[in-house]
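A.B. asks: Okay, sequence plus prediction incoming.
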Amino acid sequence: MAGCGELAGRRDRSLPDAYFRSCLVALALSTLVAGCAGHSDVAAPSLLDGSSAGELPVELEGVEDVAVLTSASVVPIASIEPDSALDVCLHDQYAERQATGSAVVRIGVMSESITFREASGVAVLGCSNSPGPREGDRRWCGGAYGQLYSGRLRDPRLSIACATTDGVQVGFAWVEPADDVRYVAVEQPEYTEVYEAAAGLPVRIFTVSGVDVETASATFSVSEHGEDGRRIREYELEAFVAG
């Protein structure tokens with residue numbers, strides 16, 4: 001079987017998807033560790049899909065760790081291609097619900113998510129993914145449905161259904177940044193992951209630590225920043241799986 005280094009620039013279709021995803025994560029983290037060691041000229045770490053993280057155009061106030069900019073793509077619902085990852089989320093997982101507007105697809109170092117609004121306007125829905133094992137080799141390992149009250153969420157809709165390649169549970173949750181927020185930053189063990197606000201939808205964030213399976217909860221260390229990088233607010237988000 002090919003080594004992870006050999007797979008950095010190609011996709012071998014004879015290999016299992018889980019192995020390929022594991023390699024991407026291993027390569028991303030090895031690059032990230034080098035960056036944290038003080039080598040500012042190293043290449044940007046890879047994201048879960050093998051692409052390179054974008055470069056932040058500003059310095060985020062108060063963020064001392066290496067800042068990794070996740071990707072965010074706004075995809076009109078009407079242009080979603082059949083059998084694509086978005087289509088699987090929208091029509092397989094939420095077959096009885098209609099979507100409107102655009103979906104936001106986010107890809108991080110070890111995470112992937114989709115968020116979209118229900119056509120009725122009363123809820124947001126989404127799917128989430130990480131490189132770990134899942135039942136039946138499903139395309140998406142987790143999902144969330146968040147009811148809106150006067151257009152806002154009352155609950156971040158925590159999901160801890162996904163895992164790392166080692167089987168450790170990870171957490172996904174929604175945050176709703178204010179209108180003046182451009183970047184949402186979430187601390188990880190070796191870096192800070194940064195998400196751009198997009199399409200007026202809640203931002204699905206991820207944590208690789210801070211998950212307590214016994215209490216079905218997770219804690220996210222979050223800061224929100226304006227377009228110029230100024231820190232607008234900072235908080236600990238403690239979320240629980242809805243019962």
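C.D. replies: Yes, it's here.
A.B. asks: how about low-confidence regions in the chain?
C.D. replies: The chain contains residues with pLDDT under 70 at 1-44, 243.
A.B. asks: Which residue ranges of it form strands?
C.D. replies: Under the criterion DSSP state E, strands of the chain are mapped to 67-69, 71-76, 99-107, 112-118, 123-129, 142-149, 152-153, 171-175, 183-187, 192-196, 203-207, 211-212, 217-225, 231-240.
A.B. asks: As JSON lines, the ones you listed with mean neighbour count and distance to residue 136 would be great.
C.D. replies: Any C-beta I mention is one placed from the backbone N, CA and C, and that applies to glycine too. Output for the strands of the chain, formatted as JSON lines (neighbours: other Cβ atoms under 10 Å; distance: least, Cβ to Cβ, whole Å):
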{"stretch": "strand 67-69", "mean neighbour count": "21", "distance to residue 136": "31"}
{"stretch": "strand 71-76", "mean neighbour count": "15", "distance to residue 136": "26"}
{"stretch": "strand 99-107", "mean neighbour count": "20", "distance to residue 136": "23"}
{"stretch": "strand 112-118", "mean neighbour count": "25", "distance to residue 136": "18"}
{"stretch": "strand 123-129", "mean neighbour count": "24", "distance to residue 136": "14"}
{"stretch": "strand 142-149", "mean neighbour count": "18", "distance to residue 136": "14"}
{"stretch": "strand 152-153", "mean neighbour count": "13", "distance to residue 136": "29"}
{"stretch": "strand 171-175", "mean neighbour count": "27", "distance to residue 136": "19"}
{"stretch": "strand 183-187", "mean neighbour count": "23", "distance to residue 136": "29"}
{"stretch": "strand 192-196", "mean neighbour count": "21", "distance to residue 136": "28"}
{"stretch": "strand 203-207", "mean neighbour count": "25", "distance to residue 136": "22"}
{"stretch": "strand 211-212", "mean neighbour count": "17", "distance to residue 136": "23"}
{"stretch": "strand 217-225", "mean neighbour count": "21", "distance to residue 136": "24"}
{"stretch": "strand 231-240", "mean neighbour count": "15", "distance to residue 136": "26"}
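A.B. asks: Dump those strands to TSV, plus distance to residue 56.
C.D. replies: What follows is the strands of the chain, written out as TSV (distance: least, Cβ to Cβ, whole Å):
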stretch	distance to residue 56
strand 67-69	5
strand 71-76	12
strand 99-107	15
strand 112-118	20
strand 123-129	23
strand 142-149	27
strand 152-153	27
strand 171-175	19
strand 183-187	8
strand 192-196	6
strand 203-207	16
strand 211-212	26
strand 217-225	10
strand 231-240	14
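A.B. asks: what's the closest of the ones you listed to residue 161?
C.D. replies: Residue 161 lies closest, by Cβ to Cβ, to one member of the strands of the chain: strand 142-149, at 3.8 Å.
A.B. asks: which residues are in contact with that closest one?
C.D. replies: By Cβ atoms under 8 Å, 6 or more residues apart in numbering, the surrounding residues in contact with strand 142-149 are 89, 93-94, 121-129, 153-157, 159-162, 172, 174, 202, 204.
A.B. asks: Would you give the sheet partners of that strand, along with the direction of each?
C.D. replies: Using DSSP bridges, the strands paired with strand 142-149 in its sheet are strand 123-129 (antiparallel), strand 152-153 (antiparallel).
A.B. asks: for it, the distance to its chain's centre please.
C.D. replies: Centre-to-centre, strand 142-149 and its host chain are 16 Å apart (Cα atoms, centre = their mean, to the nearest Å).
A.B. asks: and if you look at stretch 70-80?
C.D. replies: Between the centre of stretch 70-80 and the centre of its chain there are 14 Å (Cα atoms, centre = their mean).
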